[in-house]
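Peer 1: Sequence isn't available, so here's the structure alone:
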């Protein structure tokens with residue numbers, strides 16, 4: 001890898017809990033010449049205070065709590081590295097993950113975004129961490145696939161890990177490497193998304209502008225999920241709002257209508273999965 005290639009790591013923290021320390025430590029172990037930026041989005045749980053031991057090695061930047069996209073955009077603005085790693089505060093890089101992502105970026109100069117392979121704490125591949133862009137056909141196919149996987153004894157709905165670097169439509173923002181030149185070309189994350197789908201939409205714009213989106217299985221990240229203190233109802237409402245916004249941006253009227261219908265049926269019958277769950 002070229003000696004001038006380096007990456008900063010941006011971690012957005014809003015009441016991230018005890019996992020934030022582990023996430024920051026994993027980034028510091030791998031960042032080398034870059035910096036770790038913690039965007040403190042109005043945390044009140046003391047989690048950012050627990051980073052005092054890293055004070056001379058990280059930059060903590062207070063930002064308004066205007067959503068995941070907005071906080072990451074502020075991080076990209078204050079950093080200056082040619083590559084930027086976005087890492088969730090409940091995600092932990094496995095050894096060598098950042099090096100693998102940067103090597104893939106160097107080998108693929110048209111890669112605008114490169115996703116880490118996201119794993120559950122038990123080592124299985126996390127569901128909905130990469131995939132195809134949403135469409136009515138894709139959603140119906142995904143529901144069928146999930147039913148089959150449950151019958152086959154795959155309750156986590158873990159997809160198969162690719163054997164090599166793979167072009168995909170989108171990757172999870174929980175752990176993605178972004179090329180600054182691509183951001184300057186397509187624009188930052190859409191701050192109209194408060195939470196969820198900002199990563200999918202960003203990947204969509206990248207591909208629309210001729211940049212590749214890749215998944216790198218040699219770079220692995222443990223994503224614990226569930227670190228948010230928000231209630232299940234608040235999370236579901238945020239997810240639906242983002243899903244509907246994505247549908248509006250890309251003219252997916254049939255998909256949006258079917259999601260609303262499925263939600264109405266779910267609320268009437270009870271016990272059915274949310275149409276927007278991914």
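Peer 2: Received it, and whenever you're ready, just let me know what you need. As the structure is a prediction and not an experimental result, all values here were calculated from the model.
Peer 1: and residue 70, what does it touch?
Peer 2: Contact partners of residue 70, counting by Cβ atoms under 8 Å, 6 or more residues apart in numbering, are 63-64, 189, 191. Placement of C-beta: from N, CA and C, glycine included.
Peer 1: so where is the stretch 101-250 of the chain shaky, pLDDT-wise?
Peer 2: Within the stretch 101-250 of the chain, the segments meeting pLDDT under 70 span 226-232.
Peer 1: Give the buried residues for stretch 115-130.
Peer 2: Buried residues in stretch 115-130, counted by 16 or more other Cβ atoms under 10 Å: 115-120, 125-127, 129-130.
Peer 1: Go ahead and flag the most central residue of this structure.
Peer 2: Nearest residue to the geometric centre of the chain (Cα atoms, centre = their mean): residue 173, 1.5 Å.
Peer 1: separation between it and residue 140?
Peer 2: 25 Å (Cβ to Cβ, to the nearest Å).
Peer 1: do the same with residue 17
Peer 2: 36 Å.
Peer 1: Likewise for residue 147?
Peer 2: 11 Å.
Peer 1: which strands and helices sit next to the longest strand seen in the chain?
Peer 2: If you go by DSSP state E, the chain has its longest strand at strand 212-223. Judged by 3 or more Cβ pairs under 8 Å, 6 or more residues apart in numbering; DSSP states H and E, strand 212-223 is in contact with strand 91-93, helix 97-107, strand 111-119, strand 166-167, strand 170-171, strand 175-179, helix 198-208.
Peer 1: Let's see that with 7 Å instead.
Peer 2: Contacts defined by 3 or more Cβ pairs under 7 Å, 6 or more residues apart in numbering; DSSP states H and E place strand 212-223 against strand 91-93, helix 97-107, strand 111-119, strand 166-167, strand 170-171, helix 198-208.
Peer 1: From one end of stretch 116-133 to the other, what's the distance?
Peer 2: End-to-end distance of stretch 116-133 (Cα to Cα, to the nearest Å): 18 Å.
Peer 1: who touches it?
Peer 2: Residues from elsewhere that reach stretch 116-133 (Cβ atoms under 7 Å, 6 or more residues apart in numbering): 97, 101, 115, 138, 156-159, 161, 168-172, 174-176, 200, 204, 215-217, 219-224, 278.
Peer 1: Going through these, which ones are buried?
Peer 2: 97, 101, 115, 158-159, 168, 170-172, 174-176, 200, 204, 215-217, 219-224.
Peer 1: ok, back up a step: neighbour count: residue 17 and residue 140, which is higher?
Peer 2: For residue 17 versus residue 140, neighbours defined as other Cβ atoms under 10 Å are more numerous around residue 17 (19 against 12).
Peer 1: Wait, the more buried one touches residue 50, no?
Peer 2: No. Using Cβ atoms under 7 Å, residue 17 is not in contact with residue 50; the gap is 9.6 Å.
Peer 1: Can you check which residues contact both of these two?
Peer 2: Going by Cβ under 7 Å, 6+ apart, no residue sits against residue 17 while also sitting against residue 50.
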